[in-house]
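Q: Fold the following and give me the result.
(one chain, ligands or ions: 1)
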Amino acid sequence: MPTTIHLIAAARPTFMKVAPLYHALVRENWCSASIVHTGQHYDTNMSDAFFLDLRLPEPAYHLEIGSGTHAEQTGRTMIAYEAVCLRDRPDTIIVVGDVNATAACALVGAKLCIPVIHLEAGLRSRDRSMPEEINRLVTDAISDLLWTPSEDADENLKAEGIPQDRIERVGNIMLDAFELVRDKIEGADVAGELGLTSQKYGVVTLHRPSNVDDVTELAALTDCIVRIAQATPVVFAIHPRTAGRLNEFGLHDRLVRAPGVHLLEPMNYIRFMALVRTAGFVITDSGGIQEETTYLGIPCLTLRETTERPITITLGSNRLCRREHLINSVNDVLVGRWVRGQRPPLWDGNTAG
Ligand code: UD1
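A: Take a look at the predicted model:
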């Protein structure tokens with residue numbers, strides 16, 4: 001009997017990590033891999049579009065958890081996934097990243113004594129006000145095998161007392177997803193469709209509660225984006241959480257009216273990466289985009305005080321940026337005062353292989 005493996009997909013950033021591994025595992029005879037979608041993200045453009053772009057099949061299980069508070073999402077995922085495990089009893093569970101489903105499904109596996117592997121282990125922002133940091137700590141503490149992307153992640157785990165034989169450095173799986181569909185990314189001229197010239201525009205993504213849930217902060221960020229767009233066009237692909245807050249705080253119209261601001265719905269993977277690939281710079285608070293811009297050598301301004309991905313700063317093209325310094329930092333990019341950096345070791349698109 002082949003080893004049965006569950007791959008846990010849940011929210012947008014997990015799909016790009018699951019896909020390359022799924023495609024690598026289905027080629028193997030010794031195992032049978034199936035995808036479990038917890039349903040944390042459910043809109044077509046937050047979920048189905050990624051399955052299509054990354055050539056993923058229908059999930060074997062869809063738990064349809066949906067939105068809610070952290071406890072609701074985590075608890076509902078645990079209850080639903082435990083039932084699946086009791087019925088299906090997989091030999092191994094692979095959880096990826098740091099979303100609520102990552103910790104929830106790791107907990108289910110650990111308590112049922114099913115071996116759990118965490119892909120993208122060891123990242124630490126040391127900011128426990130971030131829900132993802134709690135998810136990372138919990139998941140790493142209870143997983144049997146920790147697949148890390150970089151040396152700093154190994155060091156974090158060792159410092160927490162995790163024995164070396166549970167740690168394996170594998171590289172950065174996100175970049176495998178890019179290579180999986182590179183041809184399509186390079187074939188999509190999203191910037192051209194928007195009337196933009198390669199390198200002569202910025203891309204903005206924001207969704208962290210610390211940036212978008214507070215009216216004063218989001219209003220100040222909105223003003224920054226409007227001012228930056230007076231110098232160079234910006235494309236703002238708005239996450240549903242952010243769209244909700246912009247409407248609630250009465251800020252949406254300010255962006256709609258601003259010259260040079262292109263507002264878009266969340267985009268599918270291929271079109272979004274096409275837009276980033278030819279951008280002059282990116283402003284973001286995402287984790288994955290810090291890595292993708294480092295891979296592509298695109299200046300990235302990360303609107304956060306900490307990052308769990310420090311190698312994107314020490315080696316890559318990323319820089320942490322306070323909102324007060326955002327406009328000056330964009331000016332630095334525009335006048336060429338920016339290091340494009342290099343790719344970290346093992347970030348080569350071959351992690352799954
Ligand atoms: C989640 C992850 C975060 C990841 C992000 C990527 C956690 C703790 N957070 O944050 O790490 O960077 O996904 O997007 O797991 N919504 C929709 N449609 C959807 C999904 C969400 O409208 O398909 C709206 C709902 O109003 C929901 C809100 O967005 O309440 C936030 O979604 P949620 O999944 O709770 O968190 P994210 O901010 O997306």
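
Q: going forward, measure contacts and count neighbours with C-alpha atoms only.
A: Noted.

Q: Right, and the ligand sits closest to which residue of the stretch 251-353 of the chain?
A: Ser286 (5.9 Å; CA to the nearest ligand atom).

Q: List the contacts of that residue.
A: Counting by CA atoms under 8 Å, 6 or more residues apart in numbering, Ser286 touches 205-208, 302.

Q: Helices of the stretch 1-150 of the chain, start to end?
A: Taking DSSP state H, counting those that start in this stretch as the criterion, the stretch 1-150 of the chain contains helices spanning 12-26, 48-53, 70-88, 100-111, 131-142.

Q: Burial-wise, tell me which of these comes out on top.
A: helix 100-111 (a mean of 24; mean count of other CA atoms under 10 Å).

Q: what's that one in contact with?
A: 8-10, 38, 40, 70, 73-75, 77-78, 81-82, 85, 93, 95-96, 115-116, 132, 135-136, 138-139, 142-143.

Q: ok so, going back, in strands, which of the contacts of Ser286 appear?
A: Taking DSSP state E, the ones among the contacts of Ser286 that sit in strands are 205, 302.

Q: Could I get the contacts of Ser286 in a markdown table, plus columns for neighbour count?
A: Below are the contacts of Ser286 laid out as a markdown table (neighbours: other CA atoms under 10 Å):
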| residue | neighbour count |
| --- | --- |
| Thr205 | 20 |
| Leu206 | 23 |
| His207 | 18 |
| Arg208 | 18 |
| Thr302 | 26 |
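
Q: So which of the contacts of Ser286 would count as near the ligand as well?
A: His207 (CA under 6 Å from any ligand atom).

Q: ok so, going back, can you convert the helices of the stretch 1-150 of the chain into CSV and add a column each for mean pLDDT and distance to Glu324?
A: Converted to CSV, the helices of the stretch 1-150 of the chain look like this (pLDDT from 0 to 100; distance: least, CA to CA, whole Å):
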stretch, mean pLDDT, distance to Glu324
helix 12-26, 98, 28
helix 48-53, 97, 34
helix 70-88, 98, 30
helix 100-111, 98, 31
helix 131-142, 98, 24
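
Q: Of all those helices, which one comes closest to Asp189?
A: Nearest of the helices of the stretch 1-150 of the chain to Asp189, taken as CA to CA: helix 48-53 at 15.9 Å.

Q: In CSV, could you pull the C-alpha coordinates for that closest one?
A: The C-alpha trace of helix 48-53 is given here as CSV (Å, rounded to 0.1, in the frame of the first residue of the first chain):
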residue,chain,number,x,y,z
ASP,A,48,-10.3,28.6,-7.3
ALA,A,49,-8.2,30.9,-9.6
PHE,A,50,-5.0,29.7,-7.8
PHE,A,51,-6.0,26.0,-8.2
LEU,A,52,-6.5,26.7,-12.0
ASP,A,53,-3.3,28.6,-12.5
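
Q: The residue of the stretch 1-150 of the chain found nearest the ligand: neighbour count?
A: Per CA to the nearest ligand atom, Val99 is where the stretch 1-150 of the chain lies closest to the ligand, at 3.2 Å. When counting by other CA atoms under 10 Å, one arrives at 24 neighbours for Val99.

Q: pretty sure it is touching Glu132, no?
A: Yes - using CA atoms under 8 Å, Val99 is in contact with Glu132, at 5.9 Å.

Q: residues in the stretch 151-300 of the chain within reach of the ligand, list them.
A: Residues of the stretch 151-300 of the chain lying near the ligand (CA under 6 Å from any ligand atom): 207, 240-241, 286.

Q: just the strands in the stretch 151-300 of the chain please.
A: In the stretch 151-300 of the chain, the strands defined using DSSP state E, counting those that start in this stretch lie at 167-169, 202-205, 234-237, 261-264, 281-284, 300-302.

Q: With just CA atoms, put the second one into PDB.
A: This means strand 202-205. The C-alpha coordinates for strand 202-205 follow below in PDB (Å, rounded to 0.1, in the frame of the first residue of the first chain):
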ATOM      1  CA  GLY A 202       4.800  50.300  -8.400                       C
ATOM      2  CA  VAL A 203       2.600  47.500  -7.000                       C
ATOM      3  CA  VAL A 204       0.900  47.800  -3.600                       C
ATOM      4  CA  THR A 205      -0.600  45.000  -1.500                       C
END
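
Q: Centre of the chain to that strand, how far?
A: Taking the mean of its C-alpha atoms, strand 202-205 sits 15 Å from the chain's own mean (CA atoms, centre = their mean, to the nearest Å).

Q: where does this protein have low pLDDT?
A: The chain contains no residues with pLDDT under 70.

Q: Mind telling me the two of the residues of the stretch 151-300 of the chain next to the ligand farthest from one another?
A: Most distant of these, by CA to CA, are Pro240 and Ser286, 14.1 Å apart.
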